[in-house]
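for reference, the sequence and a predicted model appear below.
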Amino acid sequence: MSLEELAFIVLAAVALFTAVAALLVRELVHTILWIAVFFVSISAIYFLLLAPFIGVLQLGVYAGAVTVLLLFGVMLTRKRIFFREAMTGIDAVPLALAVVTFIFVVTAVGELPQSSQTISVYDPTLLSEGLFGTNGSWLLLLGLLMMGAVAGSIYLVREGRE
Amino acid sequence: MTALPLVGFVALSSALFAVGLFGILTRRNFILILIAIEIAMNAAILNFVYFGAFSSGTGGLVGQEIAVVLIGFAATEVAVGLAIVLALNRLKGTINVAQANELKL
């Protein structure tokens, strides 16, 4: 087993464990701490996949912005931030549905090669050329969507609304 | 030269998606549902990046481009979601989605 494969297995285990822990832990602030670790481990997987641009974006947007935004959401909606949630428990039907989804996806791709494959390395200049040149309309669309989201968020939380 | 098993990535992202789906269906707290959606969304973005990385030729770059756009989408979605959380908290005094029944007939 090569070093990269070992690193992938460790990172995948950390990502899975933190994702499950984030949803099962009872204090909401602890959930956000777990989810921050989850975002960082996914970012490390991007670096492992030789996609450093996506990795940095994941660190900045998810581990940075989204985590702080969620923390603000918790702080603004309760008096004491260390508040224990009522235990929701593990329902059988959603758990079965999730397990069936997992099994379905894994068996659907059972035809894939089992051995390790080499990863293509992409030049970041080619990525920026694609992002801002040939597929530039995607980013324009994203900008429009974000503008609409900002307007909608301000409308939702503005003062003097019933 | 990095070599990694493709099957491991497929298993990881489908497991993460299953965890996110489970969270969306079981949690009652709006912020926890948002977090579960983020986990499922991360699994989807990971899909684009690794299938792009394992494909040969420059066609795999499109995977990374879609990942950039999707990360922006997800951040936007969290921002709007938290605005809804704050509005719900102001209206109801709680962020339990079971009590958000304003649109029921």
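Nice, thanks for sending it over. Numbering: from 1, shown residues only, chains lettered A, B, ... in the order given.

for B:Thr94, which three-state class applies?
coil (DSSP: H, G, I helix; E, B strand; the rest coil).

quick check: B:Leu86 touching A:Met75?
No: with contact defined as Cβ atoms under 8 Å, B:Leu86 does not reach A:Met75; the gap is 11.1 Å. Every C-beta, even on glycine, is put in place using the N, C-alpha and C of the backbone.

more neighbours: those two, which one.
When neighbours are counted by other Cβ atoms under 10 Å in any protein chain shown, B:Leu86 and A:Met75 differ, and B:Leu86 comes out ahead with 18 against 12.

show the model's pLDDT score for the more buried one.
Looking at B:Leu86, its pLDDT is 88.

what's the closest non-adjacent residue to it?
Distance criterion Cβ to Cβ, 6 or more residues apart in numbering or on different chains; nearest residue to B:Leu86, sequence neighbours excluded, is A:Val157 at 5.0 Å.

for that neighbour, give me its contacts.
B:83, B:86-87, B:90 (Cβ atoms under 8 Å, 6 or more residues apart in numbering or on different chains).

which of these are buried?
B:83, B:86-87 (16 or more other Cβ atoms under 10 Å in any protein chain shown).

make JSON lines from the contacts of A:Val157 and add distance to A:Met147 and secondary structure to it.
As requested, the contacts of A:Val157 are exported to JSON lines (distance: Cβ to Cβ, whole Å; DSSP: H, G, I helix; E, B strand; the rest coil):
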{"residue": "B:Ala83", "distance to A:Met147": "14", "secondary structure": "helix"}
{"residue": "B:Leu86", "distance to A:Met147": "20", "secondary structure": "helix"}
{"residue": "B:Ala87", "distance to A:Met147": "20", "secondary structure": "helix"}
{"residue": "B:Arg90", "distance to A:Met147": "24", "secondary structure": "helix"}
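
next, count neighbours for residue 41.
Went with chain A since none was named. 20.

actually chain B
B:Met41 - counted by other Cβ under 10 Å - has 20 other residues nearby.

right, and it touches B:Ala74 too?
Yes: counting by Cβ under 8 Å, B:Met41 does reach B:Ala74; the two are 4.8 Å apart.

sec struct for the residue most central in space within chain A, please.
Centroid-nearest residue in chain A, with Cα atoms, centre = their mean: A:Phe39, separated by 5.6 Å. Recorded secondary structure, A:Phe39: helix (three-state DSSP).

do the same with A:Leu50
coil.

now for chain A, the helix or strand with the poorest mean pLDDT.
strand A:116-118 (a mean of 76; mean pLDDT, DSSP states H and E).

what about the helices in chain A?
A:3-24, A:28-48, A:52-57, A:67-77, A:92-108, A:124-129, A:136-157 (DSSP state H).

want to throw those helices into JSON lines with mean pLDDT?
Converted to JSON lines, these look like this (pLDDT from 0 to 100):
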{"stretch": "helix A:3-24", "mean pLDDT": "92"}
{"stretch": "helix A:28-48", "mean pLDDT": "93"}
{"stretch": "helix A:52-57", "mean pLDDT": "91"}
{"stretch": "helix A:67-77", "mean pLDDT": "88"}
{"stretch": "helix A:92-108", "mean pLDDT": "83"}
{"stretch": "helix A:124-129", "mean pLDDT": "83"}
{"stretch": "helix A:136-157", "mean pLDDT": "90"}
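
so which of those helices is the most packed in?
helix A:28-48 (a mean of 21; mean count of other Cβ atoms under 10 Å in any protein chain shown).

okay, A:Leu76 and chain B: tell me how far apart.
To chain B, A:Leu76 is 6 Å away according to Cβ to the nearest Cβ, to the nearest Å.

surely that residue meets B:Asn89?
Yes: with contacts counted by Cβ under 8 Å, A:Leu76 reaches B:Asn89, the gap being 7.4 Å.
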